[in-house]
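> Below are the sequence and a predicted model for it; my questions follow.
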Amino acid sequence: MSVNIDDLYKLGLWMQRFRDSAFVLPKVKGESNLVYGLQTAKGTLEELEIGEDCTAEISEWIKRLNSNYDDKSQIKKEDAAKLTHDSDRWNERFHRDLGRKLVLETKLESGLNPEELLKMANSQPSGFIREEVWNRLTEIEKSDFSDAARCLLLGAATPSVMVGLRGAEASVRNYYRCKTKMEPRDKTWRQLTNELKSEAAKLDVKDAFIGYLDYVGETKRNFAQHPNSVYSLKQAVIIFMQVVSLIEDIYTEIR
């Protein structure tokens with residue numbers, strides 16, 4: 001789960017406006033008025049996965065205000081006093097639940113688009129792996145590529161490389177499965193490409209493409225498995241983009 005600081009700031013502003021209702025008697029409906037604010041606050045709390053008891057009460061407030069007020073009315077004093085009282089409790093619960101969340105600061109030194117990385121980290125199609133390809137990936141591939149993106153967001157270069165290349169191997173195994181109609185079982189990357197190479201004509205596999213898979217396997221995947229391998233963020237970004245390109249090429253070959 002990601003937390004947008006701007007959303008937290010706006011949530012705080014709305015909570016303050018709800019608490020001030022008894023003093024200013026704001027309009028109930030319309031843009032930037034009470035119902036809109038309650039809907040916004042409810043959506044933010046749900047996205048943050050906090051204040052579950054608060055969101056249920058906020059939903060009741062939205063129903064009540066929509067039923068009892070027209071488009072031009074200000075909130076009545078008795079309702080405003082209750083909203084002020086309720087929002088004090090919401091604010092306490094919101095702070096309590098948020099205080100239990102572990103917050104990790106993302107690192108943006110990679111130079112990659114952080115919004116697209118975040119989509120990928122949340123197991124969604126992105127500018128790196130488009131929807132048509134993403135939807136064809138196995139669950140193992142999706143998990144590994146999401147983890148690789150998450151590592152890059154946190155500036156963890158070496159784990160990003162290792163898990164990204166593990167995902168690439170899963171893609172190679174899926175390529176083998178689609179081309180040969182056989183399970184790869186415990187075969188290594190090199191064993192898979194050797195078998196594909198030996199049956200290239202029969203399987204309609206291009207020699208150049210198998211050479212490309214060999215190159216990534218030998219120079220990237222094998223080296224990453226070495227216990228002393230350590231990567232800089234620059235190296236991790238380069239390999240991440242190579243993996244993304246490889247995945248695009250593999251799924252173009254097995255349409």
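Done, it's in.

> Verify the stated contact: residue 152 with residue 158.
No. With contact defined as C-beta atoms under 8 Å, residue 152 does not count as touching residue 158 (11.2 Å). Every residue, glycine included, has its C-beta placed from N, CA and C.

> intersection of neighbour lists for those two?
Common neighbours of residue 152 and residue 158, using C-beta atoms under 8 Å, 6 or more residues apart in numbering, are residue 236.

> who has more neighbours, those two?
residue 152 (28 against 16; other C-beta atoms under 10 Å).

> what's the spacing between the more buried one and residue 80?
48 Å (C-beta to C-beta, to the nearest Å).

> likewise residue 165?
For residue 165 relative to residue 80 (C-beta to C-beta), the value is 59 Å.

> ok, now residue 212?
On the measure of C-beta to C-beta, residue 212 and residue 80 end up 68 Å apart.

> number of nearby residues for the closest residue to residue 69 other than its chain neighbours?
Nearest residue to residue 69, sequence neighbours excluded (C-beta to C-beta, 6 or more residues apart in numbering): residue 28, at 4.2 Å. For residue 28, the count of nearby residues is 25 (other C-beta under 10 Å).

> more crowded one of residue 212 and residue 80?
residue 80 (21 against 16).

> Tell me which helix or strand the more buried one sits in.
helix 77-99 (DSSP states H and E).

> what does residue 144 give?
Going by DSSP H and E, residue 144 is part of helix 139-153.

> Average pLDDT for the next helix or strand after that helix, rounded please.
Following helix 139-153 in sequence order, the next helix or strand is helix 157-180 (DSSP H and E). Mean pLDDT, helix 157-180: 94.

> Mind listing what's buried along helix 157-180?
157-176, 179-180 (16 or more other C-beta atoms under 10 Å).

> Repeat that for stretch 14-30.
So for stretch 14-30, counting by 16+ other C-beta under 10 Å, buried means 14-15, 17-19, 21-22, 26-28.

> CA atoms of that stretch as PDB?
Written as PDB, here are the backbone C-alpha positions of stretch 14-30 (Å, rounded to 0.1, in the frame of the first residue of the first chain):
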ATOM      1  CA  TRP A  14     -11.400  18.100   5.900                       C
ATOM      2  CA  MET A  15     -11.300  16.700   9.500                       C
ATOM      3  CA  GLN A  16     -10.700  20.300  10.700                       C
ATOM      4  CA  ARG A  17     -13.600  21.600   8.600                       C
ATOM      5  CA  PHE A  18     -16.000  18.900  10.100                       C
ATOM      6  CA  ARG A  19     -14.900  19.900  13.600                       C
ATOM      7  CA  ASP A  20     -15.500  23.600  12.800                       C
ATOM      8  CA  SER A  21     -19.100  22.800  11.500                       C
ATOM      9  CA  ALA A  22     -20.700  23.900  14.800                       C
ATOM     10  CA  PHE A  23     -19.200  27.300  14.500                       C
ATOM     11  CA  VAL A  24     -19.500  28.200  10.800                       C
ATOM     12  CA  LEU A  25     -22.600  26.100   9.700                       C
ATOM     13  CA  PRO A  26     -21.400  25.400   6.200                       C
ATOM     14  CA  LYS A  27     -23.500  24.400   3.200                       C
ATOM     15  CA  VAL A  28     -24.300  20.800   3.000                       C
ATOM     16  CA  LYS A  29     -24.100  20.100  -0.800                       C
ATOM     17  CA  GLY A  30     -22.100  21.200  -3.700                       C
END
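
> List the contacts of that stretch.
33-38, 40-41, 65-66, 69-77, 80-81, 83-84, 86-88, 90-91, 94.

> And these, which of them are buried?
33-38, 40-41, 65, 69, 74-75, 80, 83, 86-87, 90-91, 94.

> Now do stretch 62-77: distance from first to last residue.
End-to-end distance of stretch 62-77 (C-alpha to C-alpha, to the nearest Å): 17 Å.

> which residues are in contact with that stretch?
So stretch 62-77 is in contact with 21-22, 25-30, 34-35, 38-39, 42, 79, 83, going by C-beta under 8 Å, 6+ apart.

> make it 7 Å
21, 25-30, 34-35, 38-39 (C-beta atoms under 7 Å, 6 or more residues apart in numbering).
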